[in-house]
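[1] Okay, here's the prediction I keep looking at, along with the sequence it came from:
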Amino acid sequence: KRFSMVPTVLDDFLQKALKNNWKIVHTIRSSHKDSYINYVLKTTEYIDCQLQSISFQAVQNFLIKCDIPYPTIKTMQDLISNLFYLNLYVSSFSKNSDYFQTRNLFLTHIWNTRIKGIPHDTEANGFAREQLVLNMFKDILRNNSYYYLNESAQDQLLLNHLREDGIIDCDDVYKGFYFTHDIYEELVARHLITIAYQSARDELEFHNLLDINMSMRKYYRLWLHDRIYEDETFAVNKFIVKSVTNELINKIWKDEILIALMESDLHSKVLELMDDLFNDDRELLIRSIFLLNTACKKVDYDAASSILTKEEQDSKINLLYRFTKPSGAGWEYLIEYMYTHMLDIEWNVGFIKLVYEMISSWIKDVKQGVATKRAGLLALYLYDLLEDSELKYKADKDIRRRLCITILESSFEIEGTLLVREPGKKSSIY
């Protein structure tokens with residue numbers, strides 16, 4: 001609701017509460033934490049405490065005490081390790097139903113029981129509830145709002161039913177309805193995108209059915225993550241390749257696919273299918289590295305807090321973007337790809353600078369490991385390239401200086417290579 005307020009209202013409240021020695025506990029999902037800190041807490045001092053995900057062993061012990069069988073499929077186990085889904089699992093479990101065996105079946109069950117209201121509502125009302133929820137989501141998305149305004153008399157009964165079931169609520173000030181939990185929003189987005197996916201004749205038609213805005217792009221990445229996570233037939237691999245290589249599909253969706261693949265730690269194997277695409281499409285490789293450098297990072301609050309002085313605290317929100325660190329499987333994958341193919345690539349100064357940004361960001365955060373060694377050797381190769389080829393006349397001295405710093409930062413991993421180099425000679429050990 002903060003984003004519907006006059007911007008200074010919550011800020012003023014927080015400052016006055018803290019001056020009067022209040023202690024305020026903010027709870028926020030991890031995926032929204034950075035935005036919440038940047039837009040809400042801003043320069044307010046806070047203590048960051050992250051609650052770790054509950055282990056499935058703990059979930060299993062709990063279900064045994066409840067005399068409820070626990071799922072044996074890994075994707076389902078991961079899902080109910082989220083307390084929100086665990087509550088739905090326990091409260092609606094039925095021994096005579098197959099809905100609790102797999103993740104997809106369970107999410108379908110939640111949709112039918114929570115969104116459509118089956119079985120306590122009629123089938124006709126269930127369909128009407130579903131359409132109303134979908135229209136509400138579309139309206140909020142289209143208007144870039146947080147509230148759904150509906151004064152239709154015929155919809156009020158259904159809205160009240162949804163409100164009684166805890167799916168939506170109404171803000172008495174703004175006279176608008178909103179989803180009570182962002183998981184419900186994600187369920188609706190997932191359902192809507194899946195309908196478009198199943199009804200479209202091909203990848204182009206599917207992407208043309210989706211609205212291009214920031215919210216839908218976020219939901220698209222979540223949907224794609226689910227597709228990859230759940231896919232056992234590798235059909236999603238074909239979808240990814242066809243979408244990325246289709247010149248008619250909007251570049252925004254291609255970027256979202258690349259970001260979704262790179263920003264998650266679960267997609268390292270799926271990333272391998274990009275090898276052949278990168279070999280055939282240099283522009284795709286360049287775009288992927290650019291997106292990695294810009295979109296696959298998270299704020300490094302520890303580094304920011306240790307470096308910023310008290311005088312800089314007032315401008316902390318403006319400086320945080322400078323303190324970031326790599327996030328996702330894409331970093332190790334692209335470092336490995338560039339290291340493996342560095343001798344085959346036609347380099348230019350612009351591409352060297354782009355790759356430097358990648359390996360420099362990685363080495364600054366990760367001082368040891370295979371990826372750090374490969375990044376250090378890649379930096380060494382690029383330095384030699386600028387020294388011994390015609391590129392040295394096109395590149396400025398600053399890039400060579402920065403490569404030297406990166407090489408030194410990775411020296412723990414590439415010490416052996418540095419020691420065997422003869423002065424003035426290019427190393428053959430990469």
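    The structure has been received and is ready for your questions. Residues are numbered from 1 along each chain as shown.
[2] drop to CA atoms for contacts and neighbour counts, all remaining ones
    Will do.
[3] got a list of what Asp12 touches?
    For Asp12, the contact set (Cα atoms under 8 Å, 6 or more residues apart in numbering) is empty.
[4] Repeat that for Leu343.
    Going by Cα under 8 Å, 6+ apart, the list of residues near Leu343 is empty.
[5] How about Leu378, nearest residue that isn't a chain neighbour?
    In space, and not counting its chain neighbours, Leu378 is closest to Tyr339: 5.8 Å by Cα to Cα, 6 or more residues apart in numbering.
[6] Quick one: list the elements packing against the helix or strand hosting the one you found.
    Using DSSP states H and E, Tyr339 sits within helix 330-341. Packing contacts for helix 330-341, counted by 3 or more Cα pairs under 8 Å, 6 or more residues apart in numbering; DSSP states H and E, involve helix 251-263, helix 268-271, helix 282-295, helix 349-365, helix 370-388.
[7] helices or strands up against the third one?
    What that stands for is helix 282-295. The contact analysis (3+ Cα pairs under 8 Å, 6+ apart) places helix 282-295 against helix 251-263, helix 274-280, helix 330-341, helix 349-365.
[8] What are the buried residues along the helix holding Tyr339?
    By neighbour count with 16 or more other Cα atoms under 10 Å, helix 330-341 contains the buried residues Gly330, Trp331, Glu332, Tyr333, Leu334, Ile335, Glu336, Tyr337, Met338, Tyr339.
[9] picking that back up, in JSON lines: the helices and strands packed on helix 282-295, plus mean pLDDT.
    JSON lines is the format used below for those (pLDDT from 0 to 100):
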{"stretch": "helix 251-263", "mean pLDDT": "94"}
{"stretch": "helix 274-280", "mean pLDDT": "89"}
{"stretch": "helix 330-341", "mean pLDDT": "95"}
{"stretch": "helix 349-365", "mean pLDDT": "95"}
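[10] TSV for the ones you listed, including distance to Trp22?
    Formatted as TSV, the helices and strands packed on helix 282-295 follow (distance: least, Cα to Cα, whole Å):
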stretch	distance to Trp22
helix 251-263	37
helix 274-280	52
helix 330-341	42
helix 349-365	36
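[11] Please list all residues in contact with Lys251.
    By Cα under 8 Å, 6+ apart, Lys251 has no neighbours at all.
[12] From the centroid of this protein, which residue is nearest?
    For the chain, Glu263 is the residue whose C-alpha lies nearest the centre (Cα atoms, centre = their mean; 5.8 Å).
[13] I'd like the distance between that residue and Pro326.
    9 Å (Cα to Cα, to the nearest Å).
[14] Could you pull out the residues contacting both of the two?
    Cys296.
[15] The helix holding Tyr339 to helix 370-388, inter-axis angle?
    For helix 330-341 against helix 370-388, the angle by axes from the mean of the first three to the mean of the last three Cα atoms, to 10 degrees is 50 degrees.
[16] contacting residues around helix 330-341?
    261-264, 268, 271-272, 275, 289, 292, 358-359, 362, 371, 374-375, 377-378.
[17] again with stretch 139-151
    Lys1, Ser4, Met136, Tyr174, Lys175, Gly176, Phe177, Tyr178, Ser215, Met216.
[18] likewise stretch 387-396?
    Asn348, Val349, Leu385, Leu386.
[19] Next: stretch 219-231.
    If you take Cα under 8 Å, 6+ apart as the criterion, stretch 219-231 is touched by 75, 186, 189-190, 193, 236, 256-257, 259-261, 266-267, 270.
[20] ok, now stretch 292-301?
    Residues contacting stretch 292-301 (Cα under 8 Å, 6+ apart): 34, 259, 262-263, 320-321, 323-328, 330-331, 357-358.
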